[in-house]
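[1] sequence first, predicted model second:
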Amino acid sequence: MVTEAPSVKKIRPVNLNLFTISFPITAIVSILHRMSGVLLFLFVPLIVWALQASLSSPDTFAAVQAIFGLYKVKFLIWVFLSGLVYHMLAGFRHFIMNFGWLESLNMMRLTAKIILVLSIILSLGLGIWLW
């Protein structure tokens, strides 16, 4: 005769609101790195289209140039370039960590803060350059 084990209900805290969780700075940098990668992936078709259109004839080059002069498009270009800068900086940080360098907790926190500050400064510089 086989007896079944009593079902035990596990009581675990459930927190589905991600805005109430306090993430460490290293997790924020990692999540933003993934988000910037998705952003760059989504922008690739637009950039390829603009490059193809601008190289096809002088008329389409002038049209693309006029489109890039619009403020909303300049904002999108700024978002793309800011995402690219952040993704490159954070990717370089991850690349260095793959070699086993800067893997102590204090160094990881310090490099995460450096990445955030550098990306903000460079993004502001890109905004000034574009406008």
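    Arrived safely.
[2] C-alpha only now, for contacts and for neighbours.
    Fine.
[3] so how far is residue 47 from residue 58?
    Taking CA to CA, to the nearest Å as the measure, residue 58 falls 18 Å from residue 47.
[4] between these two, which one's more packed in?
    residue 47 (14 against 11; other CA atoms under 10 Å).
[5] need the three-state assignment for the more buried one.
    Secondary structure, DSSP: H, G, I helix; E, B strand; the rest coil: residue 47 is helix.
[6] how much space between it and residue 56?
    According to CA to CA, residue 47 and residue 56 sit 14 Å apart.
[7] kindly report the same for residue 25.
    With distances taken as CA to CA, residue 25 is found 46 Å from residue 56.
[8] low-scoring stretches of the chain, by residue?
    Low-confidence segments of the chain (pLDDT under 70): 1-6.
[9] list the contacts of the one residue sitting closest to the centre of the chain.
    Geometric centre of the chain, nearest residue: residue 36, 1.8 Å, by CA atoms, centre = their mean. Residue 36 makes contact with 83, 84, 86, 87 under the criterion CA atoms under 8 Å, 6 or more residues apart in numbering.
[10] now render the residues you listed as a markdown table, adding neighbour count, secondary structure and distance to residue 112.
    Below are the contacts of residue 36 laid out as a markdown table (neighbours: other CA atoms under 10 Å; DSSP: H, G, I helix; E, B strand; the rest coil; distance: CA to CA, whole Å):
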| residue | neighbour count | secondary structure | distance to residue 112 |
| --- | --- | --- | --- |
| 83 | 22 | helix | 16 |
| 84 | 19 | helix | 17 |
| 86 | 24 | helix | 11 |
| 87 | 24 | helix | 13 |
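[11] rewinding a little: and after the helix or strand hosting the residue nearest to the centre of the chain, which helix or strand comes next?
    Residue 36 belongs to helix 25-56 when assigned by DSSP states H and E. With elements assigned by DSSP H and E, the helix or strand that comes after helix 25-56 is helix 58-68.
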